[in-house]
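**Student:** Here is a sequence together with a model predicted from it:
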Amino acid sequence: MSNGKFPVLFFKKSGYCKELKCSYFQGRYEARTQEQYDALKPFACKELGGSAKVESLSDLTVPALRGIASDLGVENYAKKKKPALIKAIEEKRAELANPKPVEEDPEEEDSGDALADQEDIVLESGE
């Protein structure tokens, strides 16, 4: 749901929508208006963000997977083949679901006492 209003639609093949008098293409599509969404929804094979969820990433086309990878921030997604895309998406989803805690460097901790911190710097430099 990138645009925040309508679920993202996925098409397995290209076609023509008589109601909108335009073509739609294989892959991922984000409707801009309610009219577009309502007219194209019957032709979509999958929908993300609405009631119909994707059962498996392997059911999606490479363009649809690239769209998901792009939204998640996967690096080099345009160069990856389908199995690598699926793996990268799953890894990124897991990473986003369980973020690593930020470890603080004990050497960089500030004691809160400006003079004490300044003395540490002087002692380290040997003066």
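**Tutor:** Now that the structure is in, tell me what you want to look at. Numbers count the residues shown, from 1 in each chain.
**Student:** all strands for this protein, in order.
**Tutor:** Ranges of strands within the chain are 8-11, 15-17, 22-24, 27-29, 46-48, based on DSSP state E.
**Student:** Please name the strands paired to the third one in the sheet, noting orientation.
**Tutor:** This means strand 22-24. strand 15-17 (antiparallel) (DSSP bridges).
**Student:** Listing request: residues of this structure with sub-threshold pLDDT.
**Tutor:** Under the criterion pLDDT under 70, the flagged ranges of the chain are 1-4, 46-55, 102-127.
**Student:** mind giving me JSON lines with the strands of the chain and columns for mean neighbour count?
**Tutor:** From N, CA and C alone the C-beta is placed, and that goes for glycine too. Output for the strands of the chain, formatted as JSON lines (neighbours: other Cβ atoms under 10 Å):
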{"stretch": "strand 8-11", "mean neighbour count": "23"}
{"stretch": "strand 15-17", "mean neighbour count": "12"}
{"stretch": "strand 22-24", "mean neighbour count": "13"}
{"stretch": "strand 27-29", "mean neighbour count": "21"}
{"stretch": "strand 46-48", "mean neighbour count": "19"}
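**Student:** quick one: which of these is nearest Glu75?
**Tutor:** strand 27-29 (18.8 Å; Cβ to Cβ).
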